[in-house]
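Participant: Give me a 3D structure for the following:
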Amino acid sequence: MLKKTVLTFAFLTVFTTFYGFNAHFGTSVTDDVLNDAAESDCLPLAEGKYVISAYDNLIRRISEEEGHDWRLMSAIAYHESRFMPDLTSRSGACGLMQIMPSVARQFEIPTDRIADPETNVWLANKLMTEIQSTLRLPEGTPEKDRMSIVLASYNGGIGHVSDARRLARLNGENPNSWEVVSRYLTLKSQPEYYENEVVKCGRFTGSRQTLAYVNDVIGRYDKYCRIAGR
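Facilitator: Residues are numbered from 1 along each chain as shown. Okay, here's the model as predicted:
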């Protein structure tokens, strides 16, 4: 079990450093395409009553089993696919949460099952659990900072976020503050930062995308909290 855990953490660090969990690089699905497909925030994809999407019950059940806020996972799903389960990017990410086949294999799930909504949401929740375990943010970390750093890891990679936190510590700043971490993520595009000996994952050029991702998902999460309650 210990060996498997170590291998899982190593995979997460390497995989998300270069690709990020959402793997938007090279995607053929644009925001315009997604927005055209979504006429409202709550898409009528199936019968029944719902507040956020037709997948409310599914996302809520799986997220609560894994200890995550279903409204946050719904916000991620909206950002990734506008709740369209058949969506596949050119890079191979697919489903509600845009999961890569490599992630499915790491969790021993056949790649032909990734698009299944239940499997897709389960994998996304497992990823969030692994990210939080790997980051080991202190209990006293403000929730907004915690959520932002976790989302940045989900999008831009644990490796780059960990580099930014190490740079913060090196310079006497708070590695658990999103304001600080986001600043060092941006600075990691400059050689005087990414060539520092504490940096393990090299240059990072995706800070603009990652910061926008964090802001967009948290903004939608706040909205879902207002309309969905717990």
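Participant: tell me the SS of residue 50?
Facilitator: In three-state terms, and counting by DSSP: H, G, I helix; E, B strand; the rest coil, residue 50 is coil.
Participant: Does it touch residue 56 like I think?
Facilitator: Yes. The criterion here is C-beta atoms under 8 Å, and residue 50 meets it with residue 56 at 4.2 Å. In this view, the C-beta of every residue, glycine as well, is placed from N, C-alpha and C.
Participant: Look at residue 89 and say how many residues are nearby.
Facilitator: By the criterion of other C-beta atoms under 10 Å, residue 89 has 19 neighbours.
Participant: oh sorry, the question was meant for residue 229
Facilitator: That count, for residue 229 with other C-beta under 10 Å as the rule, works out to 8.
Participant: now residue 138
Facilitator: Number of residues near residue 138 (other C-beta under 10 Å) recorded here: 8.
Participant: my read: it touches residue 176, true?
Facilitator: Yes. Proximity of residue 138 to residue 176 meets the contact threshold set by C-beta under 8 Å, at 6.1 Å.
Participant: which outside residues touch stretch 73-81?
Facilitator: Outside stretch 73-81, the residues that touch it by C-beta atoms under 8 Å, 6 or more residues apart in numbering are 22, 34, 41, 52-53, 55-56, 59, 62-63, 83, 87, 93, 95-98, 121, 124-125, 128, 151, 154, 213, 216-218, 220-221, 224, 228.
Participant: Which ones among those residues lie within strands?
Facilitator: Among the contacts of stretch 73-81, DSSP state E puts none in strands.
Participant: Buried subset of these as a PyMOL selection?
Facilitator: Under the burial definition 16 or more other C-beta atoms under 10 Å, those of these that qualify are selected in PyMOL by:
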select buried, resi 22+34+52+53+55+56+59+62+63+83+87+93+95+96+97+98+121+124+125+128+151+154+213+216+217+218+220+221+224
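Participant: Show only the entries of the contacts of stretch 73-81 found in helices.
Facilitator: Residues of these located in helices (DSSP state H): 34, 56, 59, 62-63, 121, 124-125, 128, 151, 154, 213, 216-218, 220-221, 224, 228.
Participant: Could you report the separation of the residue sitting nearest the centre point of the chain from residue 172?
Facilitator: With distances taken as C-alpha atoms, centre = their mean, the residue of the chain nearest its centroid is residue 154 (2.9 Å). Distance, residue 154 to residue 172, using C-beta to C-beta, to the nearest Å: 28 Å.
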